[in-house]
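In: Have a look at this prediction, sequence included:
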Amino acid sequence: MNWTLETIPDDHPTPSVIISESIAEKNIRSMQAYCDQHRLKLRPHTKTHKSIWMAERQMRAGACGLTVAKAGEAEVMSSVCDDILIAYPAMGASRIARVTELAKRVRVSVGIDSRDAAEHLQNAAAAKGICLGILVDVEVGFHRTGVASCESAIRLCEYLSNQKNLYLRGLMCFPGHILPGAPDERWLEYEQALGAILDGLKAKGISVETVSGGSTPTARESHRNRYLNEIRPGTYVYNDVNEVRLGVCDWDDCAARVLVTVVSMPESNKIVVDGGSKTLSSDRNAANPDAGFGFVVGYPSAKITRLSEEHGEIHIPDIDLEAKALPKIGDRLWIIPNHICVCINLQNQFYLQDSENRLVEMPVNARGLLV
Ligand SMILES: Cc1ncc(COP(=O)(O)O)c(C=O)c1O
C-alpha cells in the first residue's frame, strides 16, 4: 500500500475514511499468528471496524468467533459468524429480547457480573426455550464492570451452573489498565486474580472452558497470563494515534486514515480542513490529552488544535514548513485519528484501497447500533 495522494482521484469525496487492505490484512494475520503460536483462541472485537467484510477476513484467518458490545452488532455479525460473545452486560428488556431471539439461530454468550443480570437472562431464555452461554465478567484492575471479589465471582459461577437455560462457559475480563511498560506486578496481579477464581471453582467441582481477556495493548503479551485461553483485541485491526503513542504499534501499522480537504487558510500557519468532530470524533489522545485531535501525516509537528462539527483547525509550525510547503486551499491531507473505533462509528462507509490503489466503497454495517 502506497499512501500517496496522487493515486486518489481528484473527485474522491472528502472527508472520507480510507482503509489500506494490505495493512489491515497484515494486522489480522500477525495477531492470528501470535495466537496460534501461543495456543490462544482469538475472538476479535468487531466494535473497531463494524464491518461484515473485515469480520469475514478475521474469521477466515482463524478467529474462533467474534466479540461485540451490543445486540445490534451481534445481529449484523451473525451473517458471518455463528459463535458470538456479547462482552457487555446485555440488560434491558429490548436488548434481552433481541439477544435471546438471536440465540435461536447462533451460539450467543453474554458477559455479566451480577446475579440480577443472571436472573433476567435465565427468565428470558426460559421463556424462549433456548440456552444462553455466560461468561462471568471479573475485575482484574481496570475498575469498570466485573465482579470485584474472588468469593463473589465463585458464588456467581456456582449460581449460574445451576440454571437450566444458562450455560456457564467461563470467565472474561478486560485488562484496560495494563499498558506497554506496565510493571511486572500488574501482570502478576492480573494472573493471580484469575488463578484464585479458577482454583476456587475447581475446589467446588465447577469446570470452565473459556478464560477470555485481552485488549490491543496487552494482546501480544497475553502468554504472560497462563490462565488465558482466549483474547478479544479489537483496535489492532486498524490501529490509531492512541496505539502509536502508547508504543503498541508504529505509524506503518495504522490501516485507517481520514482524507480531508483544506477549505480555508484564515491566518498564517493555520489551515482549516473539512473533517471536524463529526468525522474524527472529539476523542483526545489517551497518552497526552493536549496533543490535538489526530496526527497530520507529513507535518509531524502540526497540531489539530480545535474541532467544530465540520471544521478541523490545524496549526502548522515553521519547523514543518522547512521540509514541506504549507498546503493550499483545495489540497488534500491525511489525518490518522486518535481513536479509530469512534471515528469509524461516525461513517456510513469506508473506502478500501487495494494493492493497485483502487478504492472500493464498503458499508460500515454496524454503524450506530447502540442497543
Ligand atoms: C470488553 C472489551 N473487550 C475487548 C476490548 C478490545 O480492546 P481494544 O480496544 O484495546 O482492542 C474492549 C475495548 O473496549 C472491551 O471493552
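Out: It's in. Numbers count the residues shown, from 1 in each chain.
In: For Ala103, which residues are in contact?
Out: By CB atoms under 8 Å, 6 or more residues apart in numbering, the residues touching Ala103 are 125, 128, 130-132. Glycine gets a C-beta too; all of them are placed from N, C-alpha and C.
In: Just the buried ones from these?
Out: 125, 130-132 (16 or more other CB atoms under 10 Å).
In: Write out the residues of the protein neighbouring the ligand.
Out: Within reach of the ligand by CB under 6 Å from any ligand atom, the chain has these residues: 45, 87, 174, 215-217, 232-236.
In: 5 Å instead, please
Out: 45, 87, 174, 215-216, 232-235 (CB under 5 Å from any ligand atom).
In: ok, of those, which come out buried?
Out: With neighbours counted by 16+ other CB under 10 Å, these contain buried members at 45, 87, 174, 215-216, 232-235.
In: Now these in CSV, please, with extra columns for pLDDT and distance to Arg107.
Out: Converted to CSV, these look like this (pLDDT from 0 to 100; distance: CB to CB, whole Å):
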residue, pLDDT, distance to Arg107
His45, 98, 17
Ala87, 98, 14
Phe174, 98, 21
Ser215, 98, 23
Thr216, 98, 25
Arg232, 98, 16
Pro233, 98, 21
Gly234, 98, 20
Thr235, 98, 25
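In: show me the contacts for Gly92.
Out: Contacts of Gly92 (CB under 8 Å, 6+ apart): Val371.
In: Please read the previous query as pertaining to Gly294.
Out: 241, 258, 280, 304, 312, 335-338.
In: Reformat these as a markdown table; add pLDDT, secondary structure and distance to Val296.
Out: Below are those laid out as a markdown table (pLDDT from 0 to 100; DSSP: H, G, I helix; E, B strand; the rest coil; distance: CB to CB, whole Å):
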| residue | pLDDT | secondary structure | distance to Val296 |
| --- | --- | --- | --- |
| Val241 | 98 | helix | 11 |
| Val258 | 98 | strand | 10 |
| Leu280 | 98 | helix | 11 |
| Ile304 | 98 | strand | 7 |
| Gly312 | 98 | strand | 9 |
| Ile335 | 98 | strand | 6 |
| Ile336 | 98 | strand | 8 |
| Pro337 | 98 | strand | 11 |
| Asn338 | 98 | coil | 12 |
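In: now those residues as JSON lines including neighbour count?
Out: Formatted as JSON lines, these follow (neighbours: other CB atoms under 10 Å):
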{"residue": "Val241", "neighbour count": "25"}
{"residue": "Val258", "neighbour count": "26"}
{"residue": "Leu280", "neighbour count": "27"}
{"residue": "Ile304", "neighbour count": "22"}
{"residue": "Gly312", "neighbour count": "29"}
{"residue": "Ile335", "neighbour count": "25"}
{"residue": "Ile336", "neighbour count": "22"}
{"residue": "Pro337", "neighbour count": "28"}
{"residue": "Asn338", "neighbour count": "29"}
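In: re earlier: among the contacts of Ala103, which lie within helices?
Out: The members of the contacts of Ala103 that map onto helices under DSSP state H are 125, 128.
In: nearest to the ligand, of the contacts of Ala103?
Out: Nearest to the ligand among the contacts of Ala103: Leu132, at 17.5 Å, using CB to the nearest ligand atom.
In: The nearest residue to Arg224 once chain neighbours are set aside and the ligand, how far apart?
Out: Distances taken as CB to CB, 6 or more residues apart in numbering put Trp187 closest to Arg224, at 5.0 Å, once the chain neighbours are dropped. Per CB to the nearest ligand atom, to the nearest Å, Trp187 is found 16 Å from the ligand.
In: May I have the residues that are in contact with Trp187?
Out: Here Trp187 is in contact with 178, 221, 224-225 (CB under 8 Å, 6+ apart).
In: of these, buried ones?
Out: Among those, the ones that count as buried by 16+ other CB under 10 Å are 178, 221, 225.
In: ok so, going back, can you name the two of the contacts of Gly294 that sit furthest apart?
Out: Farthest pair in these (CB to CB) is Val241 and Gly312. Separation: 13.9 Å.
In: any idea of the pLDDT on the residue nearest to Arg224?
Out: Predicted confidence (pLDDT) at Trp187: the value is 98.
In: same deal with Asn2?
Out: Note on Asn2: pLDDT of 62.
In: For the stretch 151-300 of the chain, which segments count as helices?
Out: 184-203, 216-219, 241-246, 277-280 (DSSP state H, counting those that start in this stretch).
In: Could you export the ones you listed as a markdown table, including distance to Ile329?
Out: What follows is the helices of the stretch 151-300 of the chain, written out as a markdown table (distance: least, CB to CB, whole Å):
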| stretch | distance to Ile329 |
| --- | --- |
| helix 184-203 | 49 |
| helix 216-219 | 37 |
| helix 241-246 | 26 |
| helix 277-280 | 18 |
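In: where does the protein dip in pLDDT?
Out: The chain contains residues with pLDDT under 70 at 1-2.
In: contacting residues for the most centrally placed residue in it?
Out: Using CA atoms, centre = their mean, the residue of the chain that lies closest to the mean C-alpha position is Gly234, 3.2 Å off. For Gly234, the contact set (CB under 8 Å, 6+ apart) comprises 44-48, 67, 216, 341.
In: Then Glu243?
Out: Glu243 sits in contact with 216-217, 235-236, 249, 253-254, where contact means CB under 8 Å, 6+ apart.
In: Would you indicate which residues of stretch 133-149 are buried?
Out: 133-141, 145-147.
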